[in-house]
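Undergrad: requesting a structural model of the entry that follows:
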Amino acid sequence: MFSKAVISLVLAASALANVFITSPVATTTFTAGQQATVTWQDDGLTPNLTSFGASLVGIYTGNANQQTLLQTINPSVDVSTTSSVVFTLDGTIGPDSSEYFVRFTSINLKDATNSQFPAEAFSAKFAMTGMTGTFNSTVQAEINGQSTAPIGATATSSASGTMKTVSTTSSSTSGSKTTTSTAATTTATKTGAAGKVGVTGITCFVGAAASLLGAMLL
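TA: Now for the predicted structure:
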């Protein structure tokens, strides 16, 4: 396992992307019951925010292959016409932990290399405090699965010291990606020619893969 600092220094970026999430970052802490803000900007690469368009924004945890939606922040926000969303953190969705990340899922734009999957963008993993919930055994297993399916990939340090990660694909020839919604207690599994791997970091992620599974952000 690698530290965020090591990962940010040793990995190099190589992919298309657009949604650059500027908050939360790795040093962010959200507090249960209080308002929190998610912000983003266009990173200047292709495709642009207009292409990414309307997106579901939520708080997730998990690993590269399996991610659980814990709280929906906004079911459909147009990332090209606004640059932030404010929400109140539900303290019952899990315990105090630094295993949380925000994921943007484009409603219309597909992954650049595998059209079975939507384009996605991931924030850094960050902490949440004042929480009163727990991770059930399924969610905890997903978190533990980071040892073999790390959330992380090619990345670079920006001038401000933050990190941008880009998408990768797994080496499996029949991989799958599973997203679980704890609210609905249902699981949707997407299986393709190659398993699509989620990524976290201070990131923009649209699914343009440039390398095999990279290193882990912890």
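Undergrad: ok, residue 38 - how many residues close by?
TA: 24 (other C-beta atoms under 10 Å). (Each C-beta comes from the backbone N, C-alpha and C, glycine too.)
Undergrad: now it: how far from residue 134?
TA: 24 Å (C-beta to C-beta, to the nearest Å).
Undergrad: just residue 40 next, same as before
TA: For residue 40, the distance to residue 134 - C-beta to C-beta - is 30 Å.
Undergrad: more neighbours, these two?
TA: More crowded of residue 40 and residue 134, by other C-beta under 10 Å: residue 40, with 27 against 12.
Undergrad: so what's the more buried one bridging to?
TA: residue 21 (DSSP bridges).
Undergrad: and it, what does it touch?
TA: By C-beta atoms under 8 Å, 6 or more residues apart in numbering, the contact list for residue 40 reads 19-22, 79, 83-84, 104, 121.
Undergrad: tell me the spacing between it and residue 102.
TA: Counting by C-beta to C-beta, the gap from residue 40 to residue 102 is 9 Å.
Undergrad: helix/strand/coil for residue 138?
TA: Of the three states, residue 138 takes helix under DSSP: H, G, I helix; E, B strand; the rest coil.
Undergrad: residues near it, how many?
TA: Neighbour tally, residue 138, other C-beta under 10 Å: 14.
Undergrad: swap in residue 88?
TA: Other residues close to residue 88 by other C-beta under 10 Å number 12.
Undergrad: disregarding residues adjacent in the polypeptide, which is nearest to it?
TA: Excluding its sequence neighbours, the residue lying closest to residue 88 (C-beta to C-beta, 6 or more residues apart in numbering) is residue 35, at 5.5 Å.
Undergrad: OK, contacts around the one you found?
TA: Residue 35 touches 86-89, counting by C-beta under 8 Å, 6+ apart.
Undergrad: mind checking pLDDT for it?
TA: Residue 35 carries a pLDDT value of 98.
Undergrad: how much space separates the spatially closest residue to residue 41 that is not a sequence neighbour from residue 73?
TA: Among residues not flanking residue 41 along the chain, residue 20 sits closest, at 5.3 Å (C-beta to C-beta, 6+ apart). Noted for residue 20: a distance of 17 Å to residue 73, by C-beta to C-beta.
Undergrad: and these two? which has more neighbours close in?
TA: A direct count of neighbours by other C-beta under 10 Å for residue 20 and residue 73 places residue 20 higher, at 22 against 19.
Undergrad: picking that back up, and the contacts of residue 40, which two are furthest apart?
TA: The span of the contacts of residue 40, defined through C-beta to C-beta, is set by 84 and 121 at 14.2 Å.
Undergrad: those two - which one has more neighbours?
TA: Taking neighbours as other C-beta under 10 Å, residue 84 and residue 121 compare with residue 121 leading, 28 against 12.
Undergrad: does the more buried one sit in a helix, a strand or a coil?
TA: Assignment for residue 121 (three-state DSSP): strand.
Undergrad: surely residue 97 and residue 128 touch.
TA: Yes - in this structure residue 97 lies within contact range of residue 128 using C-beta atoms under 8 Å: 6.5 Å.
Undergrad: where do the helices of this structure begin and end?
TA: Taking DSSP state H as the test, the helices found in the chain are 4-10, 49-52, 137-144.
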